[in-house]
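Enquirer: My questions are about this predicted structure, shown below with the sequence.
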Amino acid sequence: MPQELSHSDLVYSTARQASAAVMSPVAASWSRCLNLYRLQPEAGAKPVQVEEARFREARQKMERLIGNATDEVDRLYQMIGRSGCCIVLADAEGIVVDRRGAPGDDSDFHRLGLWQQNVWSEASAGTNGIGTALADERAVIIHRDQHFMSANIGLSCATAPIRDHLGRVTAALDVSTCRNDVNDMTLAVLSQAVRDAAARVECNLFRSAYAGARIVVVPQVNTIAALVAVDGDDIILGATRAARVALKIDDQMIAQGLPAADALRETRGEPSGDLEDAERAAIRRVLSRAQGNVSLAAQMLGISRATLHRKLKRFQIQ
């Protein structure tokens with residue numbers, strides 16, 4: 001009867017197969033850890049802990065994000081924190097800057113290194129939820145022996161990256177558990193909860209970055225995170241990653257000045273009608289402010305009552 005491979009032997013044999021790396025994101029991560037980062041799966045070292053000064057610097061850089069994420073992290077903890085899970089927020093380098101955990105579970109997670117000031121980048125800790133989500137820039141589930149390091153195979157992680165207002169990955173939100181009865185269905189539920197929370201954090205970040213702008217939800221996309229910030233002239237100021245992908249726009253197009261109506265593919269008349277559309281909209285807004293009083297609306301617009309009546313008839317405004 002053939003002897004069962006140890007975890008480290010399985011990692012070595014899988015990572016050396018080019019076909020496995022193509023077929024499996026986990027195998028691709030194992031290959032990076034072995035060949036690019038020169039890590040050893042049998043190494044028993046705990047995650048690296050950064051110095052206090054660097055940790056304070058990382059926290060300071062993440063201050064706005066932490067503030068925008070606090071309510072979502074607290075809500076997520078209330079949902080799942082008492083089921084043997086801890087919630088971790090890490091920066092783009094994998095440094096844990098914030099976490100939530102039940103006091104009864106803290107000793108286990110502290111022993112495993114899921115604690116503030118520790119580094120969970122893929123280059124440092126091998127394949128893991130935080131590091132691999134940051135490396136692949138996508139949500140991941142890393143279940144027990146899918147971790148690269150043998151020391152981490154008692155963990156199961158569901159992680160989602162968080163993008164800033166420019167669409168760049170800036171953090172990772174992670175739920176981890178060391179319970180041995182966690183199954184694929186449970187992890188799928190945890191993963192959806194983490195992705196939803198990360199999307200809401202992204203929305204908070206985006207809205208705070210463009211506090212004075214009108215925020216438009218892209219209707220073509222089935223996600224709350226597809227947002228566009230528009231100024232008073234209907235020009236796009238910024239867009240989330242989901243909106244950029246859906247609308248096929250980038251930084252250069254935004255910098256050049258892109259009308260929201262064009263990007264959103266809203267139905268409009270001929271280009272020559274844009275001024276008329278703007279004039280019609282302006283008249284309707286003033287009429288609304290004047291509560292239908294034509295004389296007052298004409299005064300607010302700086303035109304005669306007769307001129308306004310002609311325009312109302314021309315634009316068929318009742």
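Expert: Alright, I've got the coordinates.

Enquirer: C-alpha from now on. contacts and neighbour counts both.
Expert: Noted.

Enquirer: My read is that Ser156 contacts Cys178, right?
Expert: Yes: counting by CA atoms under 8 Å, Cys178 is a contact partner of Ser156 at 6.3 Å.

Enquirer: So which of these two has more stuff around it?
Expert: Applying other CA atoms under 10 Å to Ser156 and Cys178 shows that Ser156 carries more neighbours, namely 25 against 21.

Enquirer: Please name the nearest non-neighbouring residue to the more buried one.
Expert: In this structure, Ser156 finds its nearest non-sequential neighbour in His143, 4.3 Å apart by CA to CA, 6 or more residues apart in numbering.

Enquirer: State the distance from the one you found to Ala188.
Expert: 11 Å (CA to CA, to the nearest Å).

Enquirer: Which one of the two is surrounded by more residues?
Expert: With neighbours defined as other CA under 10 Å, His143 and Ala188 compare such that His143 has more, 23 against 13.

Enquirer: Tell me which helix or strand the closest residue to Leu34 other than its chain neighbours sits in.
Expert: Distances taken as CA to CA, 6+ apart put Gln40 closest to Leu34, at 6.6 Å, once the chain neighbours are dropped. Per DSSP states H and E, Gln40 falls between elements, in no helix or strand.

Enquirer: burial measure for Ala225, as a count.
Expert: 23.

Enquirer: would you say it is within a helix?
Expert: No: counting by DSSP: H, G, I helix; E, B strand; the rest coil, Ala225 is not part of a helix but coil.

Enquirer: still on that earlier bit, show me what contacts the residue nearest to Leu34?
Expert: Cys33, Leu34, Met149 (CA atoms under 8 Å, 6 or more residues apart in numbering).

Enquirer: And it, how close does it get to Val216?
Expert: On the measure of CA to CA, Gln40 and Val216 end up 48 Å apart.

Enquirer: In the protein, where is pLDDT below threshold?
Expert: Along the chain, segments meeting pLDDT under 70 span 1-4, 21-22, 266-274.

Enquirer: got the buried residues for the longest helix along it?
Expert: When the chain is parsed with DSSP state H, its longest helix is helix 184-209. If you call a residue buried by 16 or more other CA atoms under 10 Å, then helix 184-209 has these buried ones: 187, 190-191, 193-207, 209.

Enquirer: Which strands and helices lie in contact with that helix?
Expert: helix 63-80, strand 140-143, strand 156-163, strand 169-177 (3 or more CA pairs under 8 Å, 6 or more residues apart in numbering; DSSP states H and E).

Enquirer: any idea which of the ones you listed is most buried?
Expert: strand 156-163 (a mean of 28; mean count of other CA atoms under 10 Å).

Enquirer: Which strands and helices lie in contact with that strand?
Expert: Packing partners of strand 156-163 (3+ CA pairs under 8 Å, 6+ apart): helix 129-136, strand 140-143, strand 169-177, helix 184-209.

Enquirer: Run through who's touching that strand.
Expert: 128-130, 133-134, 137-144, 169-179, 182, 187, 190-191, 194-195, 198-199, 201-202, 241.

Enquirer: Sheet partners, orientation included, of it?
Expert: strand 140-143 (antiparallel), strand 169-177 (antiparallel) (DSSP bridges).

Enquirer: among those strands, which is nearest Asn68?
Expert: Comparison of the strands paired with strand 156-163 against Asn68 by CA to CA identifies strand 169-177 as nearest, at 12.3 Å.
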